[in-house]
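Novice: Structure of the sequence below:
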Amino acid sequence: MQKLEDSLKYRNWASDLKTHGVQLRALEELSTIRKRNGDILFSLVKIDAIAPEGNPVLPILMLRGNFVSVLTCLIDRETREEFMLLVCQRRVANGALFYEHPAGMCDSEADPYAVALIEVSEETGMQITRDILHLHNDERLYSSPGLLDEAGYFFSCEIEMDRAEINSYHMKRGGHYGEGEFIHTYIATPEEAKTLIKNVSGLLATYLYEDRKRKLRTQS
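Specialist: Numbering: from 1, shown residues only. Just a heads-up that it's a prediction; the model follows:
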């Protein structure tokens, strides 16, 4: 059974506090959820911490760790049309089906590139290589810093394929069933993807990708 203090997400968070001059004086583990192998999935904690300005830091924190998001653009080799490889699964936030870019948590692997490769493979069945990944943000971007330590690395990749191969990735089963993931893939045009995606991180990944493409066009 992994102890909270031994988990990668705790060690990363404690290191970040130290980097920014926050003194952690006490921590109470209120509730922790673990994977089947005993590793920490996330933990609700109460802390006593002082900022370098002398003020107390908000006392409740949900430790979740870092995540990766991988916008996967499939390009028709003949027509140059672009398609987004999305994953669809029902989410507990409101019970609806959510369309998202492949994504996942850095639970025990510190290298976000390695996690990105694993998540794309597990969720879509596609095998990609590190050299085609582009990391959009030099610093992690936080989803809700008033409560969560969760912060994301946003990647994109472009892959040329024949149209038949692109179509073969539509409505495929994916995900890690042992961890409660019941996923199917979905091929969408870029504009359709923006109407389907209803989570902030998914839309941010899309806009970061589009912004990079605009900059590349300007430079050429």
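Novice: Find the nearest non-adjacent residue to A110, please.
Specialist: In space, and not counting its chain neighbours, A110 is closest to L8: 6.2 Å by Cβ to Cβ, 6 or more residues apart in numbering. Yep, even glycine has a C-beta here, placed from its N, CA and C like the rest.
Novice: Next: M171.
Specialist: Once flanking residues are discounted, M171 sits nearest to H184: 5.6 Å by Cβ to Cβ, 6+ apart.
Novice: average pLDDT across the helix or strand harbouring that neighbour?
Specialist: Taking DSSP states H and E as the criterion, H184 maps to strand 183-188. For strand 183-188, mean pLDDT rounds to 97.
Novice: So which other helices or strands are in contact with the next helix or strand after that strand?
Specialist: Next along the chain after strand 183-188, taking DSSP H and E as the criterion, comes helix 190-196. Under the contact criterion of 3 or more Cβ pairs under 8 Å, 6 or more residues apart in numbering; DSSP states H and E, helix 190-196 touches strand 82-90, helix 200-219.
Novice: and helix 190-196, which residues are buried?
Specialist: Of all the residues in helix 190-196, those buried under the rule 16 or more other Cβ atoms under 10 Å are 193, 196.
Novice: Need the contact partners of it.
Specialist: Helix 190-196 is contacted from outside by 82-84, 86, 99, 186, 188, 203, 206, 210, using Cβ atoms under 8 Å, 6 or more residues apart in numbering.
Novice: With only the CA atoms kept, save that helix in CSV.
Specialist: Only the C-alpha atoms of helix 190-196 are listed here, as CSV (Å, rounded to 0.1, in the frame of the first residue of the first chain):
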residue,chain,number,x,y,z
PRO,A,190,-11.8,20.4,-36.5
GLU,A,191,-15.0,22.5,-36.5
GLU,A,192,-17.1,19.6,-35.4
ALA,A,193,-14.6,18.8,-32.6
LYS,A,194,-15.0,22.3,-31.2
THR,A,195,-18.7,21.9,-30.9
LEU,A,196,-18.5,18.4,-29.4
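Novice: rewinding a little: in its sheet, which strands sit next to the strand holding H184, and in what direction?
Specialist: strand 82-90 (antiparallel), strand 173-174 (antiparallel) (DSSP bridges).
Novice: any chance of those strands in CSV, with mean neighbour count too?
Specialist: Shown next, in CSV, are the strands paired with strand 183-188 (neighbours: other Cβ atoms under 10 Å):
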stretch, mean neighbour count
strand 82-90, 20
strand 173-174, 16
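Novice: Go through these and find the least confident stretch.
Specialist: strand 173-174 (a mean of 90).
Novice: center of this protein, which residue is that?
Specialist: Central residue of the chain (Cα atoms, centre = their mean): V68, 3.1 Å from the mean position.
Novice: Tell me the predicted confidence for it.
Specialist: The model's pLDDT for V68 equals 98.
Novice: now swap in the one 4 residues further on and tell me
Specialist: Note on T72: pLDDT of 98.
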